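> Fold the following.
(4 chains)
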Protein chains: 2
Amino acid sequence: MPPYETTDIPAAELEVLQALWDKSPATVRDVLNELHNLGRQLAYTTVLTFLTRLEQKGFVKSDKSGIAYVYSPKVSRDKVSRSRLEEVLESFYDGAPGPLVLQLMREGKFTKTEIGELQQLIDDLDAKNKRRKRS
Amino acid sequence: MPPYETTDIPAAELEVLQALWDKSPATVRDVLNELHNLGRQLAYTTVLTFLTRLEQKGFVKSDKSGIAYVYSPKVSRDKVSRSRLEEVLESFYDGAPGPLVLQLMREGKFTKTEIGELQQLIDDLDAKNKRRKRS
DNA sequence: AGAGTGCTACGACTGTTGTAGTAGGTTTTC
DNA sequence: GAAAACCTACTACAACAGTCGTAGCACTCT
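A predicted model of the protein is given here:
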């Protein structure tokens, strides 16, 4: 197996996986209902197809516990989001998070709490920087 | 036309578009060479196909100036990167940039200059925040 | 003017994605 | 115990993505 699994999941399958992340463990019908709640209309069998494909690709697993199969994610939302972000970073920002962060910051859509945390993080970075310079 | 054009460009076409952003205006051969330089081996006709498809989709334009067609992007790298980022934001961060920025910051891969700029931006945000509060 | 070189148009082919129907088994419900 | 509801397996199929080959035209060099 490759050392770093890329998480290349097509859009429609990802929607299903997202629903599964929210409702896991879940049957096909659970996922279907969740999707319906979110305004996404799909046929039962379509959801089944996607879950099957996701399972083949190793992103979810299933157990036949009672009457129906129960699905759970095998990959975390974090992992996938991270990998998605990484792709954007690689493709457009040359892999460096700095410019991206700066761009987002300039738009300034942050809560007060977040600003506090940001400040804190900057202080830390700053401190680390100083330490490194001195050593 | 829709007010907000989504920039949904498949991976392989995007690679070509990236090369075009770097070398524009460029002929098919220019793009091909650039791709080869980047270690991406594609046939001449493949690149041609992608450029044609990109043109059909309205992402690039071409002028027959001399012997060969010369291609230029019609959509800016910024626009596309923005839209890509937005997708990730929507899918995984509920549309709020805060958590994403915080996550990236925690990994701390920033240059000293960037840290300075970040500090500056935070100060601004902070000031704005205070002003708003006072008013 | 013939040989090579380069360009575009068009077609083609395989795999993947998006979406769903049907068939046939199991479970629940009157 | 028959009918209704559910479940999965399998099949299907159009559109799109990724990749390129061939044919034919234009230009270039000798």
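
> quick check, stretch A:9-20 touching chain B?
Yes - shown here: stretch A:9-20 in contact with chain B (C-beta under 8 Å from any C-beta of the partner chain) through A:Leu14, A:Gln18. All C-beta spots, glycine's among them, are computed from the backbone N, C-alpha and C.

> Please spell out which residues along that stretch are buried.
For stretch A:9-20, a neighbour-count test (16 or more other C-beta atoms under 10 Å in any protein chain shown) marks A:Ile9, A:Glu13, A:Leu14, A:Glu15, A:Val16, A:Leu17, A:Gln18, A:Ala19, A:Leu20 as buried.

> could you check whether that stretch is close to DNA strand C?
Yes - residues of stretch A:9-20 contacting DNA strand C under C-beta under 7 Å from any atom of the strand: A:Pro10, A:Ala11, A:Ala12, A:Glu13.

> likewise stretch A:75-94?
No - among the residues of stretch A:75-94, none lie within reach of DNA strand C under C-beta under 7 Å from any atom of the strand; the closest is 14.0 Å away.

> how about the strand or helix carrying A:Glu87 against chain B, any contact?
Take DSSP states H and E as the rule and A:Glu87 turns out to sit in helix A:77-93. Yes - legend: contact between helix A:77-93 and chain B by C-beta under 8 Å from any C-beta is shown at A:Arg77, A:Val80, A:Ser81, A:Arg84, A:Leu85, A:Val88, A:Ser91, A:Phe92, A:Tyr93.

> contacting residues around that helix?
Among residues not part of helix A:77-93, those counted as contacts by C-beta atoms under 8 Å, 6 or more residues apart in numbering or on different chains are A:6-7, A:9, A:14, A:17-18, A:21, A:95-97, A:99-100, B:14, B:18, B:77, B:80-81, B:84-85, B:88, B:91-93, B:100, B:104.

> mind listing what A:Glu34 touches?
A:Glu34 is in contact with A:Ala19, A:Asp22, A:Lys23, A:Ala26, counting by C-beta under 8 Å, 6+ apart.

> Sorry, slip of the keys, the one I care about is A:Ala12.
With contacts defined as C-beta under 8 Å, 6+ apart, A:Ala12 is in contact with A:Phe50.

> For it, give its distance to A:Val28.
Taken as C-beta to C-beta, to the nearest Å, the spacing of A:Ala12 relative to A:Val28 amounts to 15 Å.

> Equivalent analysis for A:Glu55, please.
Looking at A:Glu55 against A:Val28, where the rule is C-beta to C-beta, the gap reads 12 Å.

> More neighbours: which of the two?
Here A:Glu55 and A:Val28 are compared on neighbour count by other C-beta atoms under 10 Å in any protein chain shown; more neighbours surround A:Val28, at 22 against 15.

> Run the angle between the helix holding A:Glu87 and helix B:77-93 for me.
Using axes from the mean of the first three to the mean of the last three C-alpha atoms, to 10 degrees, one finds that helix A:77-93 and helix B:77-93 are set 170 degrees apart in direction.

> buried sites along stretch A:121-133?
Neighbour count says stretch A:121-133 has A:Leu121, A:Ile122, A:Leu125 buried, by 16+ other C-beta under 10 Å.

> Show the average pLDDT along it.
Per-region confidence: stretch A:121-133 scores 76 on mean pLDDT.

> Same check on stretch A:48-67?
On average, stretch A:48-67 scores 94.

> what sits against A:Leu51?
So, once contact is read as C-beta under 8 Å, 6+ apart, A:Leu51 ends up touching A:Val16, A:Leu20, A:Val28, A:Val31, A:Val60, A:Ser62, A:Tyr71.

> how about the first one, phi and psi?
A:Val16 has phi and psi values of phi -60, psi -40 when expressed as degrees, to the nearest 10.

> Helix or strand: which one has the residue lying closest to it once chain neighbours are set aside?
Setting aside the residues directly before and after it, A:Val16 is nearest to A:Phe50 in space (C-beta to C-beta, 6 or more residues apart in numbering or on different chains), at 4.3 Å. Take DSSP H and E as the rule and A:Phe50 turns out to sit in helix A:44-56.

> Having no further points to raise, I will conclude here.
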